[in-house]
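1. Sequence plus the predicted model coming up.
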Amino acid sequence: MVFNSLNFFIFSAVFFPLYFALRGKARLWLCLIGSYVFYGVWDWRFLGLIATSTLIDYYLGLSLEDEAEPVRRKRLLQLSLLANLGFLAFFKYFNFFIESATAGLHGLGYDGSLSTLHIILPVGISFYTFQSMSYSIDVYRKQIPVERDLLRFATFIAFFPQLVAGPIVRASDFLPQFAKDREFEWTRFQVGMGQVLWGFFKKVAIADSLAPFVDQCFADPGKFGGLHLAIGVVFYSFQIYCDFSGYSDIAIGLARIMGFDFPKNFNKPYFSQNFSEFWQRWHISLSGWLRDYLYIPLGGSRGGKLFTWRNLMITMLLGGLWHGAAWVFVLWGFLHGSYQVLGKILGPHWGKLLDAVRTPKFIRVALNISIVYFLTCLAWVYFRAGAPNIPMSEQIPIAHGVIGGIFSGEGWSFGAVINKFIVLKGVLLISMMLLVEIIDERTPMWQMVDQRPAFRVASFASLLWLIALFGVFSASAFIYFQF
């Protein structure tokens, strides 16, 4: 079930009145059953996979809590990680490894082929798997107490607002919030509904409006001139941002209405002045997960510069592979790892150069943001080429076709751009969103929504009008459902 569908509005009309009418265990059961219905509408067969993952980590968590012997505790954790990563490897990466091995054999001169399977990727498996793994690791580290209530734990894993596309919520943040029933609060409803509407605006008005132009560019880049392709890449950078952050806004807003507080998952990433900052603003729950459960255990910044650079690169390569089973995602991760390493090497010298020529602050900021955004867009080309409808053998050639077309120097007049109305509409919508983000950078918008009733009414009415005017109501899935 997707948020921008009729099914979800029917689901909400039934679920939310019941949620606030019930108390205690009955409310938890409603959350669990509702979450399973929400997920099962997509494919009920994979409900068993979520249930199995839940039961494995629940009982292994109990064993970890009760076991005192260090070696046995480590083996229990390894069993949990093996089960979770085993499910992820089979459903998400099995065919990728088979196809890569086949291509490698062909490169060595062997004509044989290895059989692939028709495996359906369960929606959201990467998200709930990482969420469940973080629980087991935290229990092993004795950073959180074990959750002995199976109903509460199962609800934590399957909670529908963030089940299929995050944010990845830590057990230490979320499980304690189940300790008491949350009453309906008008203030929380207003702020939460404002965030839901903002998320819908970003998804159905901006992301879905930009999608056809982007799809056209990546379907056959050879048909278009450099400016058309450059606009397509810029549009994709905002399509994926508005699509993914829009989902997070809706999820966080729904949770807020229900009385739960989720961490922010995006914080205006295209205002970043370096790539360390970018990853503190983009997909914050994933970058935090990779930092705490991969980068720091690898050694983090301990051990000198070379080890720090190595750990950054490994983290970003695996972060890229987490996003998708294709080499373009590994290349995307490699680029972001390289950006961070180069930033640590060249960043201080760049700063000294700007100081030496007495660059005004606003020009310095503009230059830094422009460089980070340009390099981010370059990496997004490879990311977009990994779309499920593009065969693996064609992904890198398509990415290079887009980049080559942009830098060919041909077709850079606006007259060569096709679908100019869509371009103007896209620029208008992106400008409106960026204006709001610029204002929010100075004065948090949600404080204004919370504290000023007139501003709240005007904001909600404006968002509803913009959604109705510019929205694309095709119930298209969110991009990150494929991860």
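-> Looks like it arrived, so ask away.
2. which helices and strands does the strand or helix carrying residue 279 pack with?
-> In the assignment (DSSP states H and E), residue 279 maps to helix 275-281. For helix 275-281, the packing partners by 3 or more C-beta pairs under 8 Å, 6 or more residues apart in numbering; DSSP states H and E come out as helix 327-356, helix 361-385. Using the backbone N, CA and C atoms, a C-beta is placed for each residue, glycine as well.
3. got the ones you listed as JSON lines, with mean neighbour count and mean pLDDT columns?
-> As requested, those are arranged in JSON lines below (neighbours: other C-beta atoms under 10 Å; pLDDT from 0 to 100):
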{"stretch": "helix 327-356", "mean neighbour count": "17", "mean pLDDT": "92"}
{"stretch": "helix 361-385", "mean neighbour count": "17", "mean pLDDT": "95"}
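4. Using CSV, please lay out those together with distance to residue 321.
-> As requested, the helices and strands packed on helix 275-281 are exported to CSV (distance: least, C-beta to C-beta, whole Å):
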stretch, distance to residue 321
helix 327-356, 6
helix 361-385, 12
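5. quick one: which of those is nearest residue 157?
-> With C-beta to C-beta as the criterion, residue 157 lies closest to helix 327-356 of these, at 25.2 Å.
6. other SSEs contacting that closest one?
-> Judged by 3+ C-beta pairs under 8 Å, 6+ apart, the packing partners of helix 327-356 are helix 275-281, helix 305-323, helix 361-385, helix 392-406.
7. Measure how that helix sits relative to helix 392-406, angle-wise.
-> 30 degrees (axes from the mean of the first three to the mean of the last three C-alpha atoms, to 10 degrees).
8. so where is the stretch 101-250 of the chain shaky, pLDDT-wise?
-> Scanning the stretch 101-250 of the chain with the threshold set as pLDDT under 70 gives 101-121.
9. I figured residue 294 hits residue 317, correct?
-> No - using C-beta atoms under 8 Å, residue 294 is not in contact with residue 317; the gap is 10.5 Å.
10. hey, C-alpha coordinates of the helix holding residue 279 in PDB?
-> Extracted as PDB, the C-alpha positions of helix 275-281 are listed here (Å, rounded to 0.1, in the frame of the first residue of the first chain):
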ATOM      1  CA  PHE A 275      30.200  15.900   1.700                       C
ATOM      2  CA  SER A 276      30.600  15.200   5.400                       C
ATOM      3  CA  GLU A 277      27.800  17.800   5.900                       C
ATOM      4  CA  PHE A 278      25.800  16.300   3.000                       C
ATOM      5  CA  TRP A 279      25.700  12.900   4.800                       C
ATOM      6  CA  GLN A 280      24.600  14.600   8.000                       C
ATOM      7  CA  ARG A 281      21.700  16.100   6.000                       C
END
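11. could you give the mean pLDDT of it?
-> Confidence for helix 275-281, expressed as mean pLDDT, is 95.
12. ok, and what's touching that helix?
-> Contact with helix 275-281 is made by 266-269, 271-272, 287, 336, 339-340, 343, 372, 375-376, as judged by C-beta atoms under 8 Å, 6 or more residues apart in numbering.
13. 10 Å - rerun?
-> Helix 275-281 has contacts (C-beta atoms under 10 Å, 6 or more residues apart in numbering) with 264-272, 274, 282, 286-288, 290-291, 312, 315-316, 319, 335-344, 347, 368-369, 371-373, 375-376.
14. again with stretch 391-401
-> Contacts for stretch 391-401 (C-beta under 10 Å, 6+ apart): 95-96, 99-100, 103, 217-222, 224, 229, 324-329, 331-332, 378, 380-387, 390, 404.
15. Try it again at 7 Å.
-> Contacts to stretch 391-401, defined as C-beta atoms under 7 Å, 6 or more residues apart in numbering, come from residues 99, 218, 221, 222, 326, 327, 328, 381, 382, 385, 386, 390.
16. Return the closest of the residues you listed with respect to residue 235.
-> Using C-beta to C-beta, the contacts of stretch 391-401 come closest to residue 235 at residue 218, 10.8 Å.
17. Compute the number of surrounding residues for the closest one.
-> 22 (other C-beta atoms under 10 Å).
18. again with residue 236
-> Residue 236: 25 neighbours (other C-beta under 10 Å).
19. Could you tell me the angle between whichever strand or helix holds it and helix 392-406?
-> Secondary structure assigned from DSSP H and E places residue 236 in helix 226-258. Per the same axes, to 10 degrees, the angle that helix 226-258 makes with helix 392-406 is 120 degrees.
20. okay, now the domains of the chain?
-> Per the record, the chain has its domains at 6-181, 188-482, by automatic domain parsing.
21. Let me know the next secondary structure element after the helix or strand hosting residue 447.
-> Secondary structure from DSSP H and E places residue 447 in helix 445-451. Reading on from helix 445-451 to the C-terminus, the next helix or strand found by DSSP H and E is helix 453-470.
22. Distance from the chain centre to that following helix, please.
-> 26 Å (C-alpha atoms, centre = their mean, to the nearest Å).
23. Can you pull out the residues in contact with it?
-> 190, 194, 197, 198, 200, 201, 204, 205, 209, 429, 448, 449.
24. go with 8 Å
-> 190, 193-194, 197-198, 200-201, 204-206, 209, 425, 429, 432, 445, 448-450.
25. following the helix holding residue 279, which helix or strand shows up next?
-> helix 284-290.
26. Now do that next one, average pLDDT.
-> Helix 284-290 shows a mean pLDDT of 93.
27. other SSEs contacting it?
-> helix 125-140, helix 305-323.
28. In space, what's closest to residue 16 - neighbours in sequence excluded?
-> residue 257 (7.4 Å; C-beta to C-beta, 6 or more residues apart in numbering).
29. since we're on that neighbour, how many residues are nearby?
-> Neighbours of residue 257 (other C-beta under 10 Å): 24.
30. Tell me who's in contact with it.
-> By C-beta under 8 Å, 6+ apart, the contact list for residue 257 reads 16, 188, 189, 192, 193, 196.
31. Also residue 240?
-> Contacts of residue 240 by C-beta under 8 Å, 6+ apart are 207, 380, 383, 384, 479.
32. Residue 19 now?
-> Taking C-beta under 8 Å, 6+ apart as the test, what residue 19 contacts is 27, 30, 31, 34, 258.
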